[in-house]
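# Sharing a model that was predicted from the sequence below.
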Amino acid sequence: MHEPIPGRLDPSEEPPLPRFGALGYPNYLRFWLATVARVFGMQFRFIGSLWLVTQLTPEPYWLGVVSLASAVPTIVLSVPAGVLADRMDNRRLLVWSQALTALVTLAMGFAIIAGAASLPLVVVWSVVVGGLLAIATPAQNAILPRLIDMRAISSAVAYTNAVWNTMRIVGPAVAGLLIVVIGTGQAFFVTAAGFAISAVVIQGLDLAPVVASESKDTSDMFEGMRYILRNQVFFATIGLSFFTSLFGTSYVVLLPTFANEVLHVGAAGFGLMETAAGVGSLLGTLLIVRVRDNVPHGPVMLLSAALFGILIAGFAYSRSMPLSLLLLFGGGIVSSIYLNVGLTALQVLVPDELRGRVMGVWSMTYFLSAIGGLPAGLIAQWWGAPASVALGALSVSAFALVLLVAVPSLRRMSSLLPSPAPREA
């Protein structure tokens, strides 16, 4: 029998959760709609900026420069942004960061239309927008408990991640189409509109005011890291995210190489592989909404991570397009499962006064995927793309299995997650 989580009512005394989990809470529903607008805008930002670079120069080197310019501030500022999320009202951080993103993106759109856009300007703009993204991300995660009953946190995490996975499938196609139809500069206006809509909707959330903590920990930027290092569950869960981002997702960067040189399926096949992984990720995210408290969350997370590495390693050496699509689809499912379970566990277990900083570290590991492509590309240059992808994927499997054996608290993690009460009719 599971022991009750401190501070919670006895399950028999708790009211039932809404039928659709977190979406049944008006505040979360508005937040979710704001996330849709924000992520839609981000797809245009990503596709539009890279396309703009190709219009300004034929040298592919600048594509890497612009991507790195956006990634570096998100990594460097993630932990300081977590401190801000602990010290300030999360809603205010989200509103201002997204409003400023809309403003600078609108200015970039006007610069493009006026013919004033240049490579240095694109790099500076990417640094600014990357920094604003870093400020927003810990607050985006830290605000969730203020929107819902914590028993619905699993569905809140899953529904939020479903937005990202859905936009991963449809966003690039829609962004590319609109760039052709309305032009690059005008596409930047779409990005600005997405962030502006998100800022307005979040400003309208009806949240109780939060009094900033005056404890010593609130002013210590590295207290979140120290807490993670002292707590086996946090260290292992965030370490798994680190391994996945830095090594396991290298296959995404190298998919064009597989399409052209390994499977010989061209651009159409590349698009199908991206879609297969994205659809799998979306399905895995939706499946996690159905997870109940009697499921052993720790083993599910670790075994899903181990299976992810095996599936992606299988893809690396597949020479059949149908089999490759099936393996990418399966890898997308299990990767969503273990990442959703991991983030849910952190949300449930982290102390409120450290939530922003811990989420900042989690965000930093997530953004490392932008850097993971560099070592993957170097290994692919020496040993070939299949060996590079397989090595990275199997390192995730190995790390997950080591955690399963070495961290007993993860094997017992099912008793730490909140159990949902029966749903309303």
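Great, that's in hand.

# contacting residues for residue 32?
Shown in contact with residue 32 (Cβ atoms under 8 Å, 6 or more residues apart in numbering): 22-23, 159-160, 163. (Glycine included, C-beta is placed from N, CA and C.)

# where does the stretch 201-350 of the chain have low pLDDT?
208-224, 253, 256, 267-268, 271, 289-295 (pLDDT under 70).

# which residues of it fall in helices?
223-230, 232-243, 250-257, 266-288, 297-316, 321-349 (DSSP state H, counting those that start in this stretch).

# Not counting its own residues, what contacts stretch 167-179?
39-40, 42-44, 46-48, 51, 186-187, 190, 274-275, 278-279, 281-282.

# tell me the secondary structure for residue 148?
Here residue 148 is coil, with the state taken from DSSP: H, G, I helix; E, B strand; the rest coil.

# What's the separation between it and residue 32?
Counting by Cβ to Cβ, to the nearest Å, the gap from residue 148 to residue 32 is 11 Å.

# Overlap in contacts, those two.
Joint contacts of residue 148 and residue 32 (Cβ under 8 Å, 6+ apart) are residue 22.

# wait, which of the helices of the stretch 201-350 of the chain is closest to residue 144?
helix 321-349 (6.3 Å; Cβ to Cβ).

# in the closest one, what's buried?
The neighbour-count check on helix 321-349 (16 or more other Cβ atoms under 10 Å) flags 324-349 as buried.

# how much does that helix deviate in direction from helix 297-316?
When axes from the mean of the first three to the mean of the last three Cα atoms, to 10 degrees is applied, the directions of helix 321-349 and helix 297-316 differ by 150 degrees.

# So which other helices or strands are in contact with helix 321-349?
For helix 321-349, the elements it packs on are helix 153-182, helix 232-243, helix 266-288, helix 297-316, helix 355-367, judged by 3 or more Cβ pairs under 8 Å, 6 or more residues apart in numbering; DSSP states H and E.

# So which of the helices of the stretch 201-350 of the chain is nearest residue 410?
Taking these one by one with Cβ to Cβ, helix 297-316 is closest: 4.0 Å.

# before we move on, the earlier item: adding distance to residue 378 and mean neighbour count, write the helices and strands packed on helix 321-349 out as a markdown table.
Output for the helices and strands packed on helix 321-349, formatted as a markdown table (distance: least, Cβ to Cβ, whole Å; neighbours: other Cβ atoms under 10 Å):
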| stretch | distance to residue 378 | mean neighbour count |
| --- | --- | --- |
| helix 153-182 | 26 | 19 |
| helix 232-243 | 18 | 22 |
| helix 266-288 | 21 | 20 |
| helix 297-316 | 16 | 24 |
| helix 355-367 | 20 | 26 |
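
# mind checking which of those helices is nearest residue 89?
Per Cβ to Cβ, nearest to residue 89 of the helices and strands packed on helix 321-349: helix 355-367, 11.0 Å.

# can you put the helices and strands packed on helix 321-349 in TSV and add distance to residue 400?
Shown next, in TSV, are the helices and strands packed on helix 321-349 (distance: least, Cβ to Cβ, whole Å):
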stretch	distance to residue 400
helix 153-182	19
helix 232-243	6
helix 266-288	16
helix 297-316	4
helix 355-367	15
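
# Among the ones you listed, which comes closest to residue 126?
Of all these, helix 355-367 comes closest under Cβ to Cβ, at 13.5 Å.

# Other residues contacting that closest one?
Against helix 355-367 from outside (Cβ under 8 Å, 6+ apart): 71, 74-75, 78-87, 90, 134, 137-139, 141-142, 145, 221, 223-225, 227-228, 234, 238, 241-242, 245-246, 343, 346-347, 350.

# Same check on stretch 93-109?
38, 41, 45, 84-85, 117, 121-122, 125, 128-129, 132-133, 135-136, 139-140, 143, 185-189, 191-196, 198-199, 202-203.

# and those residues, which of them are in helices?
The helices, defined by DSSP state H, take in 38, 41, 45, 84-85, 121-122, 125, 128-129, 132-133, 135-136, 139-140, 185-189, 191-196, 198-199, 202-203 from the contacts of stretch 93-109.

# what pLDDT does the most centrally placed residue in the chain get?
When the chain is reduced to its mean C-alpha position, the nearest residue by Cα atoms, centre = their mean turns out to be residue 366, at 6.2 Å. With respect to pLDDT, residue 366 has a value of 71.

# Residue 109 too?
Reported pLDDT for residue 109: 91.

# for residue 404, same thing?
For residue 404, pLDDT reads 85.

# Just tell me which of the helices of the stretch 201-350 of the chain ends up closest to residue 207.
helix 321-349 (16.8 Å).

# Next, the angle from the closest one to helix 250-257.
Going by the same axes, to 10 degrees, helix 321-349 makes 150 degrees with helix 250-257.

# just the angle between helix 321-349 and helix 266-288, please?
Going by the same axes, to 10 degrees, helix 321-349 makes 40 degrees with helix 266-288.
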